[in-house]
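Trainee: Test case, fold it:
(chains A, B and C)
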Amino acid sequence: MKARSTSLRVRLPVFVFVTEVVIVALYAIFVTYDDHADAKFQTNQTNPLDNAMYRDYPFFTDIQVMIFLGFGCLLAFFRLYGFGGLVFNFLTATFAIQWAILVQGYFQFNYDGKIHLGVINLINAEFACAVVLISFGAVLGKTSPLQLLVMALLEVPVFAVTEWAVLKYLKINDAGGSILIHLFACYFGLGVTFVLYRPQLNEGHAKENTSYQSDILSVMGTLFLWVFWPSFNSALTLKGDDQHRAILHTFIGLSASTLTAFALSAMLNKKGKLTMADVQNVTLAGGVTVGATVDMMISPAAAYALGMMGCMACMLGYKYLSPFLAQRLRIQDQCGIHNLHGLTGLISCAAGICAILMASEEVYGPSLYEIFSHRAPVEGDPKLLELQMLVPNLQPGLGRTAHEQALFQVAAIFSTIGVSALGGVLTGFVLKLSCLAPPSDDFCFDDELFFDVPLDYDSPTSNSITTEDSAA
Amino acid sequence: MKARSTSLRVRLPVFVFVTEVVIVALYAIFVTYDDHADAKFQTNQTNPLDNAMYRDYPFFTDIQVMIFLGFGCLLAFFRLYGFGGLVFNFLTATFAIQWAILVQGYFQFNYDGKIHLGVINLINAEFACAVVLISFGAVLGKTSPLQLLVMALLEVPVFAVTEWAVLKYLKINDAGGSILIHLFACYFGLGVTFVLYRPQLNEGHAKENTSYQSDILSVMGTLFLWVFWPSFNSALTLKGDDQHRAILHTFIGLSASTLTAFALSAMLNKKGKLTMADVQNVTLAGGVTVGATVDMMISPAAAYALGMMGCMACMLGYKYLSPFLAQRLRIQDQCGIHNLHGLTGLISCAAGICAILMASEEVYGPSLYEIFSHRAPVEGDPKLLELQMLVPNLQPGLGRTAHEQALFQVAAIFSTIGVSALGGVLTGFVLKLSCLAPPSDDFCFDDELFFDVPLDYDSPTSNSITTEDSAA
Amino acid sequence: MKARSTSLRVRLPVFVFVTEVVIVALYAIFVTYDDHADAKFQTNQTNPLDNAMYRDYPFFTDIQVMIFLGFGCLLAFFRLYGFGGLVFNFLTATFAIQWAILVQGYFQFNYDGKIHLGVINLINAEFACAVVLISFGAVLGKTSPLQLLVMALLEVPVFAVTEWAVLKYLKINDAGGSILIHLFACYFGLGVTFVLYRPQLNEGHAKENTSYQSDILSVMGTLFLWVFWPSFNSALTLKGDDQHRAILHTFIGLSASTLTAFALSAMLNKKGKLTMADVQNVTLAGGVTVGATVDMMISPAAAYALGMMGCMACMLGYKYLSPFLAQRLRIQDQCGIHNLHGLTGLISCAAGICAILMASEEVYGPSLYEIFSHRAPVEGDPKLLELQMLVPNLQPGLGRTAHEQALFQVAAIFSTIGVSALGGVLTGFVLKLSCLAPPSDDFCFDDELFFDVPLDYDSPTSNSITTEDSAA
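Mentor: Numbering: from 1, shown residues only, chains lettered A, B, ... in the order given. Next up is the predicted model:
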């Protein structure tokens, strides 16, 4: 790859200002307040404290911390790419959210020809943003900020369409987003990185390593994600006991995977020491693994077991699968998203299907038809009226059997993987455009390329150590 | 400036213990619990879960994070002044809050001869504290902890009186505190730094720079502020849809200003790279700019546009106005608070006046007279009774027209700027007292002066780099 | 101490997998959902938004941040032991919580032969976890992760039994956990460290020092604890005004102790400078000191005075008592938990007893018998019926006088100290087993022993400085 200018001086402002003008125009034309945020809709019957915002906002702030501080610090683990990890995450997230508000709004919050905006849209948009940031993990350190913005520009609509189509036509249960968030993000990211393959990086890179401080910063990111993950998995469940269970299962799953990750980290290390990359990533596997069943009555023990299983799959993936993918399949998955989101997502989906097949009225009571809303009897079925005595506000469903629901879940898994991988590959081709200022191989994982760095950013000390090390 | 002792051994304890004794005496005499915190006021009609604390406390914890971690980390951006930024912020904030509880309590929460204390007072006191911390930004690195405490001691009463007088006599709309928080803090800080002018610092200072780690820490501070800013801007709005809109507008304004800041940062950099100082500061401009209109029906697009405009003004201020102020007007604004709080505050006020002039019953419905409470009909007006059918609990107002309200806003802006600048100048003269241990020019931006520092705080490495650099 | 293998390759996985299998089996057999998390218990009378989770979860997330980020960063203050502080805290906390869910569940949430799990159990388990982490502070840097896990394994049951016995039989008031959390944790930790005495460490250790970055990280931990401490102290109080007061008192106590800590730090330093260790630890003393009285009507001024007193005791403890304990009583209290939790806890208990003796119906109204529930009249007393008119849901009590209640508090203090110290000593003997891989004296406070460290973790620079310093 020959040296090309990577100056952002013209292209970044051009991209940003054009998209901003488009976005603000679309906001002006299409976006209005939802009923809970519009002054005109408040009547003398309205109790201000019943505003939907009070139910959603605490979950929103928790997710904000995860997106901006959690992901940001976690991605800042490279020695010379701390600015890149933290700051490109900030930029990409901000853009993805404002764009997702429009695109998801068009598909999901659109009536009377307007997108109706409330805190609930922001939560949905932050989920779309999480998808982009997970995919970002696959190409961390190898992409310019402009490439990341273009990736967000393309990934958000593909995600929003998939989400809308799967929820509208396949009608699946996926409270924690195992299919729509984790699998989608993972295979999209792998598609992108497959196209952006850089053969030279398979031979190692002098800057592809951590420092003492960057490792600590990254663990802080892990802890922000860990601490608030129950809010992430429960933000969009039904209120009440469903949301309560989602919190419990996520916490238990994370606990189990954290403990397991430490054991495996020591076990798979030749000197019997702990590896910080495992602490930073594998501990989180349980949060993904409980995703698909997070609101179901799976029992605390099952959440624990899922956390352990997800962690083992994730750890073995890092150890054996990632090198294989990079060497043989041209898939350089920088942060190992296939381990943390793909493998665990698949386990989660499998567990979700089992839980669906085993769900019975005996365990759930009549709430069964709320949680598995598509199994509720169809309009007109006398059983529906009977159930509506027990569960006020129960909506008529599709009368699906457990088996039918399970098949739709399978269909959703495969179609999501297919669409996302394809979308990722196509996006990858767009990202190869040289006007997007991709860094040369030498300047991967290096903040100097896109930042005015302070004098000490790569101190002689670290250099000399590196040199000694290479010499040794 | 000749060498003087800056030991805190006697003067800091003397100041602290004297103020503590005074404060605890005043608390003992004047401060009691408010009705929601007093056991005696709970009756058999009281539902404990209706306690006002449950409405206020979530916003309070968010603001706590902003004050102590957000401001603290943001101010720790100097290479050798990380302790100073983080720790003096901690000290000053703690003192300002406990002092503001008394002073604001005297003006705002005082009945039956007692100050009534609840979580709502703490929120108000943290706003007063935010004012002090913003002003602190103007003199960061050039002041002793004792000077900062004295500044808080003087600024809090000036602020509390201004706040009380403006709200009581001018009766303005300023939900996000654009006038009372941002403009006041900015011009007070500029007044102080004008008096504390240090000509030598205009020629640059060897320690006035960042390190890789301090830049990252400072970005974390920015992110804490960014993530919780919607809580800051909405904490004191009316409950319900007003608070909901405040959250939405703040989020959208911040998103727009963040994206714009990245574009401008690259555009104004000769090498087309991103500058960390911009990421740390300019991204936040949108949060201030939406302040004055944050609870109004301005539309999401207007919040977006305000975010962009505020960001541009802020960025141009950093680039062109700050150097001019320092060189020509003797105003050394260390963190550029005039850009982040002054210029954006003025734009916000202008937007607020436009929004007030354009507000109509068509858009707001009868809630218009809740949000613009001074436009509500006066006691006895038949229109009031009519409105009270639609809006229960509507209070009689002053029957102001939009135009009158706008004029009062203008009056508030000018009087706030006048009072704060004057207060700042007078405070500056007090801070010049040599018994307050101001650092000499050489020891500005240097933790060694007031802290027992670890051995590596200024490692030879960094020194040698600095030297090489100056030589080059 | 001769060199022994400290590889975790076999022993850590063995310990973890055995305990995980036991835990998951016990979860499967004994743990089910509580009524608010169980789908079957939702009826057509249930309002989902009345779910207990909505009352508890905001406090739970705040405590999560304290446990994982607050404690974690605070304990990462050693120059070469940042990984250890942050990561062993993560490991130990995760294990302690999942284990405490079972043990506390058996004693406190057990009916129909099942442990009923809800968010409230998680809060209780995080308190048990806080106990373990405080004790960890006494042996920080001198223990292997396996020793810490075994300590948690043993401490949690001793704590749970003590907690259960004291609450069930002595029936004390201890909303903020001064006795059961702080005193228990402190004396257990001192017991452990007494047995693990390392004479060589009394002569100083080359790695027992901080770096600029580790000091900053540790202050961030302090700030996380500071900011959310009101949630910690109020999480388990009665809802309503009690919880409101708990928040106010904790905030005021912390403010007072922070300001005092700065004054004392400068005063006790020969050069009149601030010491970071004081900022990191002594500022927090007020949070502990208000613990026992946190929900009582002690007045804001008393909370302020308690904060000051706790801070003074804590500071003098660090200065004079800790060296004495280490030199004369073989008690090497690494983080000074005896100062921050022991001395302050004792002051808090004394204040609690005073507050109990002074509590009157005049001040509290009939709520007196809710807060001091054991002073409520016994079943059948006509006074009870009278009170139940005023306080719906008032439970019959034991008809204790204030004096009797005070004696039970004293009994609880002494029995808790006795049990915890004994438990700590016995645990210490178990931890001496060499199969638990205790680090040799040389490798105390050193991440290299248990982590794959990055190349720069102990850079030549820092070494050379240290050497120069020793030479000087």
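Trainee: Give me the buried positions along the host helix or strand of A:Ser420.
Mentor: For A:Ser420, the host element (DSSP states H and E) is helix A:402-431. Within helix A:402-431, the residues that count as buried by 16 or more other C-beta atoms under 10 Å in any protein chain shown are A:402, A:405-406, A:408-409, A:412-413, A:415-417, A:419-421, A:423-425, A:427-428, A:431. Backbone N, C-alpha and C define where each C-beta goes, glycine included.
Trainee: same check, this time on stretch A:376-391
Mentor: Result for stretch A:376-391 [16+ other C-beta under 10 Å]: buried residues A:376-377, A:384, A:387-388, A:391.
Trainee: quick one: which of these is nearest chain B?
Mentor: Among the buried residues of stretch A:376-391, A:Val391 lies closest to chain B (C-beta to the nearest C-beta), at 24.6 Å.
Trainee: And for that closest one, nearest residue in space, chain neighbours not counted?
Mentor: A:Pro366 (5.0 Å; C-beta to C-beta, 6 or more residues apart in numbering or on different chains).
Trainee: now swap in A:Tyr364 and tell me
Mentor: Closest to A:Tyr364 by C-beta to C-beta, 6+ apart is C:Ala39, at 4.5 Å.
Trainee: Cross-check the buried residues of helix A:402-431 against chain B and keep the overlap.
Mentor: With C-beta under 8 Å from any C-beta of the partner chain as the criterion, no member of those is in contact with chain B.
Trainee: Spit out the contact partners of A:Lys207.
Mentor: A:78-81, A:444-446 (C-beta atoms under 8 Å, 6 or more residues apart in numbering or on different chains).
Trainee: can you pull out the strands in chain A?
Mentor: A:31-33, A:110-111, A:114-117 (DSSP state E).
Trainee: With respect to A:Ala128, which of those strands lies nearest?
Mentor: strand A:114-117 (14.1 Å; C-beta to C-beta).
Trainee: for that closest one, packing partners?
Mentor: Helices and strands touching strand A:114-117, by 3 or more C-beta pairs under 8 Å, 6 or more residues apart in numbering or on different chains; DSSP states H and E, are strand A:31-33, helix A:89-108.
Trainee: Quickly note the distance from the nearest residue to A:Ile115 once chain neighbours are set aside to B:Leu306.
Mentor: Leaving aside its sequence neighbours, A:Ile115 sits nearest to A:Gly105 (C-beta to C-beta, 6+ apart; 3.3 Å). From A:Gly105 over to B:Leu306 the distance is 20 Å, taken as C-beta to C-beta, to the nearest Å.
Trainee: the more surrounded of these two?
Mentor: Neighbour comparison, A:Gly105 and B:Leu306: the larger count goes to B:Leu306, with 31 against 22 (by other C-beta atoms under 10 Å in any protein chain shown).
Trainee: That one reaches B:Gly345, doesn't it?
Mentor: No. B:Leu306 is not in contact with B:Gly345 according to C-beta atoms under 8 Å; the separation is 12.0 Å.
Trainee: quick one: low-confidence parts of the stretch 151-300 of chain A?
Mentor: The model of the stretch 151-300 of chain A has no residue with pLDDT under 70.
Trainee: Can you name the residues of it sitting close to chain B?
Mentor: So far as C-beta under 8 Å from any C-beta goes, the stretch 151-300 of chain A lies against chain B at A:213, A:217.
Trainee: how about a cut-off of 10 Å?
Mentor: A:211, A:213-214, A:217, A:220 (C-beta under 10 Å from any C-beta of the partner chain).
Trainee: Distance to B:Gly287 and neighbour count for those - can I get that in CSV?
Mentor: Formatted as CSV, those follow (distance: C-beta to C-beta, whole Å; neighbours: other C-beta atoms under 10 Å in any protein chain shown):
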residue, distance to B:Gly287, neighbour count
A:Ser211, 32, 23
A:Gln213, 29, 23
A:Ser214, 29, 25
A:Leu217, 25, 27
A:Met220, 24, 26
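Trainee: which of those residues lies closest to chain C?
Mentor: Using C-beta to the nearest C-beta, A:Ser211 comes nearest to chain C of these, at 5.0 Å.
Trainee: Count the residues that sit near A:Phe109.
Mentor: 18.
Trainee: separation between it and chain B?
Mentor: 12 Å (C-beta to the nearest C-beta, to the nearest Å).
Trainee: wait, what's in contact with that residue?
Mentor: By C-beta atoms under 10 Å, 6 or more residues apart in numbering or on different chains, A:Phe109 lies in contact with A:31, A:34, A:101, A:115-118, A:120-121, A:124.
Trainee: Quick one, grab the pLDDT at it.
Mentor: Confidence at A:Phe109, expressed as pLDDT, is 83.
Trainee: swap in A:Ala39?
Mentor: With respect to pLDDT, A:Ala39 has a value of 92.
Trainee: And for the one 3 residues further on?
Mentor: Model confidence at A:Gln42, given as pLDDT, is 88.
Trainee: doesn't B:Leu390 make contact with it?
Mentor: Yes. Using C-beta atoms under 10 Å, A:Gln42 is in contact with B:Leu390, at 9.4 Å.
Trainee: and for the two, which residues touch both?
Mentor: B:365-367.
Trainee: Mind putting the residues you listed into TSV with pLDDT, distance to B:Asp56 and neighbour count?
Mentor: Below are those laid out as TSV (pLDDT from 0 to 100; distance: C-beta to C-beta, whole Å; neighbours: other C-beta atoms under 10 Å in any protein chain shown):
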residue	pLDDT	distance to B:Asp56	neighbour count
B:Gly365	91	27	19
B:Pro366	90	26	20
B:Ser367	90	22	26
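Trainee: what's the burial count for A:His374?
Mentor: 16.
Trainee: looking at it, it is touching A:Ala406, isn't it?
Mentor: No. Using C-beta under 10 Å, A:His374 is not in contact with A:Ala406, being 11.4 Å away.
Trainee: Between those two, which contacts overlap?
Mentor: Listed contacts common to A:His374 and A:Ala406 are A:172-173, A:400; contacts here mean C-beta under 10 Å, 6+ apart.
Trainee: got any residues that touch both of B:Leu306 and B:Gly345?
Mentor: Shared contacts of B:Leu306 and B:Gly345, counting by C-beta under 10 Å, 6+ apart, come down to B:288-289, B:291-292.
Trainee: out of the residues you listed, who has the most neighbours?
Mentor: B:Thr289 leads the shared contacts of B:Leu306 and B:Gly345 on contacts (other C-beta under 10 Å) with 38 neighbours.
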